[in-house]
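Visitor: Sequence and predicted model, in that order:
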There are 2 protein chains.
Amino acid sequence: MGDRVSVARERLREYLRGRGLRATRQRDRVLEAFLADAAHASVDEIYDRARAGDPAIGHATVYRAMGLFVAAGIAKERRFHADGRVRYEPALDVDHHDHLVCTRCGDIQEFENPAIERLQEEVAAARGFAVAYHRLELYGLCARCRAGEKGPEKSLDEQSGSRV
Amino acid sequence: MGDRVSVARERLREYLRGRGLRATRQRDRVLEAFLADAAHASVDEIYDRARAGDPAIGHATVYRAMGLFVAAGIAKERRFHADGRVRYEPALDVDHHDHLVCTRCGDIQEFENPAIERLQEEVAAARGFAVAYHRLELYGLCARCRAGEKGPEKSLDEQSGSRV
DNA sequence: TTTATTGCAAAGCGTTTGCAACGTG
DNA sequence: CACGTTGCAAACGCTTTGCAATAAA
């Protein structure tokens, strides 16, 4: 983790320098909080973690910093189904991946599947559509929850009822 | 269109009857507005259209009615990327489909591809994950916008793009 | 008549913004 | 020193909720 942070910090510095913006203590803290936290953290989670090291940091600063990270290509915004809030995931070092979201415990796993991506391109091409990016999420029960384990039962609640 | 509406209305009636709820003029209007409007309508769009026939209808009624339709299996909630608001699409008569979203004009096309779905099942199965439903959206430029046509340039804006 | 429903306005919630104080370059 | 940044609080936009009046059944 230590190294990911310094790579990201360097990238941020470049970005800032390139536009006359400034590197600040707060932005560093938010960056650390963002990368240290479990992937797919919400602003609140990042905010809490950032405040652990610097209790004066405000919500607005975190929002602004995350916007900056997205612009700098360090973070990607995600809006999962039935979850009003935005979540962020690291954008560096990662080739594209998709998500498996457990509707019971809220666990989010990642996967990638080139065959699916290829098919997507075919579908789009057939309609003259140029894909810039995509989003694929599979919702259901993770192995643990299927096994009946009585877990945390987190936020993400079941939603309408479509099937596969 | 006339027939889709009556099928949906019948389904709604059943649902209401089954739980001691009531069929009202407003719910009918909202149902018509929802089904008449282009697919993927937001609450505001449905609200406007419903008010065309009944200017007294309030926002709250539309929100409540849409919640009811989702519960009754008539509508499905959708939350597209970079669009804070919820959109609804008809859930009846439709086998599952996915979306192509144009990031310039906001156009939303539908498609289905069994091969992709099968691969998704494989990915999930490999992790012991039981898929209940999924969401696949391809974002980019539609054929018209690629051709340089100067269209409406609607709401949906590209994902990152914040300043600070 | 009973009680679900409505419309309004107020409240909620996540996110954004105005502004004076502050800190980086 | 200039000007980007911060924290606070107020503003926002979408959605939900409390409540007295209304209308299905």
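Guide: That came through fine.

Visitor: Name the residues that touch stretch A:26-36?
Guide: When contacts are defined by CB atoms under 8 Å, 6 or more residues apart in numbering or on different chains, stretch A:26-36 is touched by residues A:1, A:4-5, A:8-9, A:12, A:41, A:46-47, A:49-50, A:52-54, A:57, A:61-62, A:65-66, A:68-69, A:74-75, A:88, A:90. The way it works is simple: take the backbone N, C-alpha and C, and place the C-beta from them, glycine included.

Visitor: Show me which of those residues are buried.
Guide: Buried residues within the contacts of stretch A:26-36, counting neighbours by 16 or more other CB atoms under 10 Å in any protein chain shown: A:8-9, A:12, A:41, A:46-47, A:49-50, A:57, A:61-62, A:65-66, A:68-69, A:74-75, A:88, A:90.

Visitor: can you count the residues close to A:Lys76?
Guide: 18 (other CB atoms under 10 Å in any protein chain shown).

Visitor: Can you get me a residue count around the residue nearest to A:Arg146 when sequence neighbours are not counted?
Guide: Computed as CB to CB, 6 or more residues apart in numbering or on different chains, the closest residue to A:Arg146 that is not its neighbour in sequence is B:Ala130, at 5.6 Å. By other CB under 10 Å, 16 other residues sit near B:Ala130.

Visitor: mind listing what B:Ala130 touches?
Guide: Each residue near B:Ala130 by CB under 8 Å, 6+ apart is listed here: A:Gly140, A:Leu141, A:Arg146, B:Ala124.

Visitor: Can you list the low-confidence ranges for chain A?
Guide: Scanning chain A for pLDDT under 70 picks out A:1-2, A:93-94, A:149-164.

Visitor: Domain map for it?
Guide: Annotated domains of chain A cover A:1-94, A:96-156 [automatic domain parsing].

Visitor: and B:Ala82, which of the ones you listed is closest to it?
Guide: Closest to B:Ala82 of those is domain A:1-94 (CB to CB; 7.6 Å).

Visitor: Keep only those of the buried ones among the contacts of stretch A:26-36 that are also close to chain B.
Guide: Filtering these for neighbours of chain B using CB under 8 Å from any CB of the partner chain leaves A:Leu68.

Visitor: What about the buried ones among the contacts of stretch A:26-36, which are in strands?
Guide: When DSSP state E is applied, these are split such that A:Ala41, A:Ala75, A:Tyr88, A:Pro90 fall in strands.

Visitor: Out of those residues, which comes closest to DNA strand D?
Guide: Distance ranking of those against DNA strand D, using CB to the nearest atom of the strand, places A:Ala75 first at 15.3 Å.

Visitor: if I look at that closest one, how far off is A:Gly18?
Guide: Relative to A:Gly18, A:Ala75 is positioned 17 Å away (CB to CB, to the nearest Å).
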